[in-house]
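have a look at this prediction, sequence included:
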Amino acid sequence: MNDETFLNEPVQVIAVFKGGHHPCQPIKFKRASGREVNVTELGLRHPLPHGLKTMHAFDVTDGGTDYRLVFDSERLTWHLTMEADHYE
């Protein structure tokens, strides 16, 4: 990600939970402004230790902008923590 903007924005996420290498995959999310973002590609998914719990970070893109979504598996909430211009 380049030209990153760091955020802590609660978002509503539609995700698919299934087996395999990607058991959870965000499909779409809605920002606080009401803007909906369709995820076209899932990049890395990695755990983030946060005290005694683990958060799950998902790097995704809509083809024009890159985003990092973080899932709190204890509180069952999602936050948008980063946004950046998409460079190929």
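Good, I have the coordinates.

and the strands in this structure?
Assigned strands in the chain, in chain order: 2-17, 24-30, 36-38, 41-50, 53-61, 65-72, 77-85 (criterion: DSSP state E).

most remote residue from this protein's center?
residue 52 (21.1 Å; Cα atoms, centre = their mean).

look at residue 45 and report its pLDDT.
With respect to pLDDT, residue 45 scores 93.

still on that earlier bit, buried deepest among the strands of the chain, which one?
Scoring those by mean neighbour count under mean count of other Cβ atoms under 10 Å gives strand 65-72 as the most buried, with a mean of 20. Using the backbone N, CA and C atoms, a C-beta is placed for each residue, glycine as well.

can you report how many residues neighbour residue 31?
16 (other Cβ atoms under 10 Å).

per-residue pLDDT, the residue nearest to the spatial centre of the chain?
Of all residues in the chain, the one closest to the mean position by Cα atoms, centre = their mean is residue 69, 1.9 Å from it. Predicted confidence (pLDDT) for residue 69: 98.

next one: the spatially closest residue to residue 4 that is not a sequence neighbour from residue 49, what distance?
Distances taken as Cβ to Cβ, 6 or more residues apart in numbering put residue 84 closest to residue 4, at 4.5 Å, once the chain neighbours are dropped. Going from residue 84 to residue 49 by Cβ to Cβ, to the nearest Å gives 23 Å.
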